[in-house]
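Peer 1: I'd like to go over a predicted model; first the sequence, then the structure.
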Amino acid sequence: MKITVLGCLGAYPYEGQGTSSYLLESDGFHLLLDAGSTTLVNLEQHLDPLTLDGVILSHYHHDHIADLGVLQYYRQLYPSLTPVPVLPIYGHTEDAVHFSALDLDGVSQGIPYFEAEELKVGPFRITFMKTIHPVPCYAMRFVEEKTGKVLVYTGDSGYLESFVAFADKADVFLADTYLFEGNERHHAHFTSKEAGELAKAADVKKLVLTHLPQHGSLDMLREQAEQAADYQMPVTVASKNLVLEI
Ligand code: ZN
């Protein structure tokens, strides 16, 4: 499985950096995980957007869906010589207005996922866990069927003990770390300390900090997470175009 970071800031783009968006690839299948601002122009550097096979959304906050509409327009209006397949966009149904916007006639179709049901998308098996967040949001555990490799993406979440089981022994734990140590038990996001503690408790192989703050030292954010994880695994701060192969 190949994971390419397209955008990794929380809340709003800043100084040329976009918000939450990742491209997952396995066996020639390309799945976009969240679609924050700058997704489309960054995606173009890696993949013809017409060949994207699917999109999956953790929740409908703007910093995770800002580029979804323009991705739909791209596939609707690009002068392609061959028909562009209808794009499946997987999302939860707890927000009817946003879920219905996933449909665009002949261009994209919303497909619901549910916490209790495993979803099969291309080469991935995906399970879900509702997070602590002001709006319904789901963490996702991706298992690459061919290899058994695991990516766990927290979506956006405040501290939640059940991540210890949900992220158990993940090869990559891609964790919302919008806050520095000292802000624990926030209602919407992990702190660096919490990301490190959960990574250690879940015995993950690699921790990647994402949904990053615009201000403050990212080296400090990483050091706080490393310390909280007792230096048990490598800790990386996400950055645009970072590629992880697992
Ligand atoms: Zn959010």
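Peer 2: Received, thanks.
Peer 1: how about stretch 208-226: buried residues?
Peer 2: By neighbour count with 16 or more other Cβ atoms under 10 Å, stretch 208-226 contains the buried residues 208-213, 221-222, 224-226. For glycine as for every other residue, the C-beta is placed from the backbone atoms N, C-alpha and C.
Peer 1: Now do it: distance to the chain's middle.
Peer 2: In terms of Cα atoms, centre = their mean, to the nearest Å, the centre of stretch 208-226 is set 17 Å apart from its chain centre.
Peer 1: Check stretch 125-133 too.
Peer 2: Relative to its parent chain, stretch 125-133 has a centroid offset of 11 Å by Cα atoms, centre = their mean.
Peer 1: Only C-alpha atoms, please: export it in CSV.
Peer 2: What follows is stretch 125-133 as a C-alpha-only set of coordinates in CSV (Å, rounded to 0.1, in the frame of the first residue of the first chain):
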residue,chain,number,x,y,z
ARG,A,125,-11.3,-3.8,3.5
ILE,A,126,-12.4,-0.9,5.6
THR,A,127,-13.9,-0.8,9.1
PHE,A,128,-15.1,2.3,10.9
MET,A,129,-15.2,3.8,14.4
LYS,A,130,-17.1,6.9,15.4
THR,A,131,-14.8,9.6,16.9
ILE,A,132,-15.1,12.4,19.4
HIS,A,133,-15.9,15.4,17.3
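Peer 1: Enumerate the residues of this protein near the ion.
Peer 2: Where the chain comes near the ion, counting by Cβ under 5 Å from the ion, the residues are 61, 156.
Peer 1: Now do the most far-flung residue of the chain relative to its centre against residue 50, distance only.
Peer 2: If you look at how far each residue of the chain sits from its centre, by Cα atoms, centre = their mean, the farthest one is residue 81, at 31.8 Å. Residue 81 sits 11 Å away from residue 50, taking Cβ to Cβ, to the nearest Å as the criterion.
Peer 1: so the residue farthest from the centre of the chain sits in a strand?
Peer 2: No - Residue 81: not assigned to a strand; according to DSSP: H, G, I helix; E, B strand; the rest coil it is coil.
Peer 1: ok, for the residue nearest to the spatial centre of the chain, nearest residue in space, not its chain neighbours?
Peer 2: Centroid-nearest residue in the chain: residue 33, 4.8 Å away (criterion: Cα atoms, centre = their mean). Nearest non-adjacent residue to residue 33, counting by Cβ to Cβ, 6 or more residues apart in numbering: residue 22, 4.3 Å away.
Peer 1: Is that neighbour in contact with residue 30, as I believe?
Peer 2: No - with contact defined as Cβ atoms under 8 Å, residue 22 does not reach residue 30; the gap is 11.1 Å.
Peer 1: Name the residue in these two with the higher neighbour count.
Peer 2: Neighbours per residue, other Cβ atoms under 10 Å: of residue 22 and residue 30, the larger number sits with residue 22, 26 against 21.
Peer 1: For the more buried one, which three-state class applies?
Peer 2: strand.
Peer 1: what's the answer for residue 141, then?
Peer 2: Residue 141 - assigned by three-state DSSP - is strand.
Peer 1: That one: neighbouring residues, count only.
Peer 2: For residue 141, using other Cβ under 10 Å, the count is 19.
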